[in-house]
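**Q** Everything below, folded, please.
(one chain, ligands or ions: 1)
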Amino acid sequence: MESALESLRQQSLARIASAKTLDDLETIRVETVGRKSGALNSFSKDFGKMGTEERAAAGKLLNAAKQAIESALDERKARFEAAAMNARLESEWVDLTIPAPGVRPGSLHPVTIIQKEIEDLFQSMGFTVLSGPEVETEYNNFDALNIPPDHPARDMQDTFWLEGGNLLRTHTSPVQVRGMQRLGPPLRMIAPGRVFRNEEVDPSHEHTFYQLEGMMVDREVSVANLIYYMKALLAGIFRRDVTVRLRPGYFPFVEPGFELDVQCLLCGGSGCPVCKQSGWLELLPCGLVHPNVLRMGGIDPDQWMGFAFGLGLTRLAMMRYQIDDIRLLQGGDLRFLTQF
Ligand code: FA5
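**A** Numbers count the residues shown, from 1 in each chain. Next up is the predicted model:
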């Protein structure tokens, strides 16, 4: 038995030494020291025929052979595992010194930034912020603003008409009508929003742009009140002196009507493509609400009066941030947008 055991031991150790994979090792383990079919088991079958001393000596030999094979298996297995780990480390290494990509934070659009500032300012002066739909009725966009169907003022705002007679609102003024109906007098409201015109696009004209409507209705409202609020608005946005001029302006829904222009902040008034070489930019048309408009909003013009304005919000953003082409604001180019 001794020599058979020794030759099994030697054979097994040689097989272990030349094993190539963990699977090879597992096969050797099952065939040598495996509990059911391992070759070493066959030796213990003869134990029953041996005397006590002989059996103790044979048991010792068997255990020694088993231990030698098992530790050779363990050692070889540990080597294979270390080699596998090294190969993995080699192929999957990570450079911890490279800065993490991180989360790229978004930022507000420049028009949104200004819109929020104006909302805060007017809310602090008791104005409610309203919004109206971008698809409007002809009645709210024109008729209720004292612009009947054949009125030439309809041509001032080239309109995108929709099938069925509705339209993409050409200005935020229809929210005046909705505001009067919803709030009733006295009221103070502003209404920022997107408007649409079938315009030739150039550095200061877009087909889709933002306006911010404002309206105040009370017992006694004068041009002095209007100018006070317009100054508060411009001071809040520019936080520095800007040169403005007030000139008469015609809008059927105000009487008297004004155009409040700012001196172009891009060229300082000397003339550039944005101000069409005039040095001035139309920004804030305004006036006292026409009695017909109050009436159509369900308010008695003998009891109440008001002012209204329609700020060109996109152009205001251009002036504030010195943007020399309005088309950049709609372009969606992140290199431009992330500067604000
Ligand atoms: C109106 O839209 C009137 N609803 C404003 C108003 C309201 C007057 C209340 C009186 C009382 P206007 O068409 O001028 O007016 O446009 C208002 C402002 O929008 C302009 O001063 C200008 O700053 C801006 N604007 C007009 N057209 C464009 C355009 N195509 N692209 C960018 N901004 C424009």
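**Q** and the nearest residue to residue 254 once chain neighbours are set aside, what helix or strand is that in?
**A** For residue 254, ignoring the flanking residues on the chain, the nearest one in space by Cβ to Cβ, 6 or more residues apart in numbering is residue 287 at 2.7 Å. Glycine gets a C-beta too; all of them are placed from N, C-alpha and C. Residue 287 is part of strand 280-289 when elements are defined by DSSP states H and E.
**Q** Same question for residue 255.
**A** Element membership for residue 255 (DSSP H and E) is strand 254-263.
**Q** coming back round to it: what lies in contact with the strand holding residue 287?
**A** With Cβ atoms under 8 Å, 6 or more residues apart in numbering as the test, strand 280-289 has contacts from 176, 204, 215, 217, 221-223, 226, 230, 233-234, 245, 249, 251, 253-264, 269, 274-275, 305-312, 315-316, 319.
**Q** and that strand, does that touch the ligand?
**A** Yes. Residues of strand 280-289 contacting the ligand under Cβ under 6 Å from any ligand atom: 282, 283, 285, 286, 287.
**Q** neighbouring strands for that strand, and are they parallel or not?
**A** Partner strands and pairing direction for strand 280-289 (DSSP bridges) are strand 254-263 (antiparallel), strand 305-312 (antiparallel).
**Q** what helix or strand is residue 194 on?
**A** When secondary structure is defined by DSSP H and E, residue 194 falls within strand 187-196.
**Q** and the nearest residue to residue 188 once chain neighbours are set aside, what is it in contact with?
**A** Of all residues beyond its chain neighbours, the one nearest residue 188 is residue 127 (4.2 Å), with distances taken as Cβ to Cβ, 6+ apart. Residue 127 makes contact with 188, 189, 190, 214, 216 under the criterion Cβ under 8 Å, 6+ apart.
**Q** follow-up on the earlier one: list just the one of the strands paired with strand 280-289 that sits closest to the ligand.
**A** The ligand lies closest, by Cβ to the nearest ligand atom, to one member of those: strand 305-312, at 1.9 Å.
**Q** quick one: buried residues of the helix or strand that the closest one is followed by?
**A** Reading on from strand 305-312 to the C-terminus, the next helix or strand found by DSSP H and E is helix 313-321. Buried residues in helix 313-321, counting neighbours by 16 or more other Cβ atoms under 10 Å, are found at 313, 314, 315, 316, 317, 318, 319, 320, 321.
**Q** residues in contact with the last one?
**A** Residue 321 sits next to 110, 340 when contact means Cβ under 8 Å, 6+ apart.
**Q** 10 Å - rerun?
**A** Taking Cβ atoms under 10 Å, 6 or more residues apart in numbering as the contact definition, residue 321 lies against 110, 111, 113, 114, 265, 328, 329, 339, 340.
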